[in-house]
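# Here is my input; please provide its structure:
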Amino acid sequence: MRQGGRPRDTHIDEAVLDAVSAILEETGYRTLAVEQVAKRAEVSKAAVYRRWPNRQSLVLAELRRRLGRVVTPDTGCTLCDLTEALNLFARTFTCMGPEFFSPLLADCSADPDLRTTFMETLFDPPREAVRATLSLALERGDLREDTDLTLTVDTLASLVHYRLLFGHAPVTEDELERAVTSLLSGLARDFPALRAKAGVTHGMA
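Numbers count the residues shown, from 1 in each chain. Modelled structure (predicted):
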């Protein structure tokens, strides 16, 4: 059954999110205000508030647009796929810049709905990609049967979070590959075979 009222103008949605993106790039999250976004998008504040009730929702909507759909890597090469899955984690947080990850989380934590949206937008998708990649590796027999998937996911994810938040060490593809290689050397049933397969399939060193 079709609901009454005018259909939502997607052009306004796009203009508002484009404005949010530009402001984030120019001045960051802390000073972003709905009034500022409305002026930049050349729409009324009421038009913005009809779509997003606060600036946190605005920013999360823009980050969701930037991230797109997270797809679990599945090439059959455990070392390659796990490295790519960890790169998904890194791209999730670098897409917005580490300097406003903490204040955004703090602003969302007091509101259960906002916190849920935050987790569903920025935390759950890349984490699930890492978990799914590890589950596939376990099913293929590449990992030891006693591997604790939750602990392994948290171990890998914490490396990305720790380095991006404190900025003391790089989060590059080479560094993430080193981390995955180090972890798998202890979890794999036959690590030399996994490393050899990665080298043949994807040209990894």
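
# Check the gap between the residue nearest to the spatial centre of the chain and Leu176 for me.
Closest to where the C-alpha atoms of the chain average out (Cα atoms, centre = their mean) is Thr92, at 2.8 Å. From Thr92 over to Leu176 the distance is 13 Å, taken as Cβ to Cβ, to the nearest Å. C-beta here means a position set from N, CA and C on the backbone, and glycine is covered the same way.

# Which parts of the protein are helices?
Listed in chain order, the helices of the chain (DSSP state H) span 10-27, 34-41, 45-51, 55-67, 78-94, 101-109, 112-118, 124-140, 149-166, 173-187, 191-202.

# Same list, those, but as JSON lines with mean pLDDT please.
Putting these into JSON lines (pLDDT from 0 to 100) gives the following:
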{"stretch": "helix 10-27", "mean pLDDT": "94"}
{"stretch": "helix 34-41", "mean pLDDT": "97"}
{"stretch": "helix 45-51", "mean pLDDT": "96"}
{"stretch": "helix 55-67", "mean pLDDT": "93"}
{"stretch": "helix 78-94", "mean pLDDT": "89"}
{"stretch": "helix 101-109", "mean pLDDT": "90"}
{"stretch": "helix 112-118", "mean pLDDT": "96"}
{"stretch": "helix 124-140", "mean pLDDT": "94"}
{"stretch": "helix 149-166", "mean pLDDT": "90"}
{"stretch": "helix 173-187", "mean pLDDT": "93"}
{"stretch": "helix 191-202", "mean pLDDT": "82"}
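
# Return the most buried member of those helices.
Each of the helices of the chain was scored by mean neighbour count; the highest is helix 78-94, a mean of 23, by mean count of other Cβ atoms under 10 Å.

# quick one: that one to helix 124-140, angle?
Orientation check (axes from the mean of the first three to the mean of the last three Cα atoms, to 10 degrees): helix 78-94 against helix 124-140 gives 170 degrees.

# Check which helices and strands helix 78-94 sits against.
helix 124-140, helix 149-166, helix 173-187, helix 191-202 (3 or more Cβ pairs under 8 Å, 6 or more residues apart in numbering; DSSP states H and E).

# Okay, angle between that helix and helix 149-166 too, please.
40 degrees.
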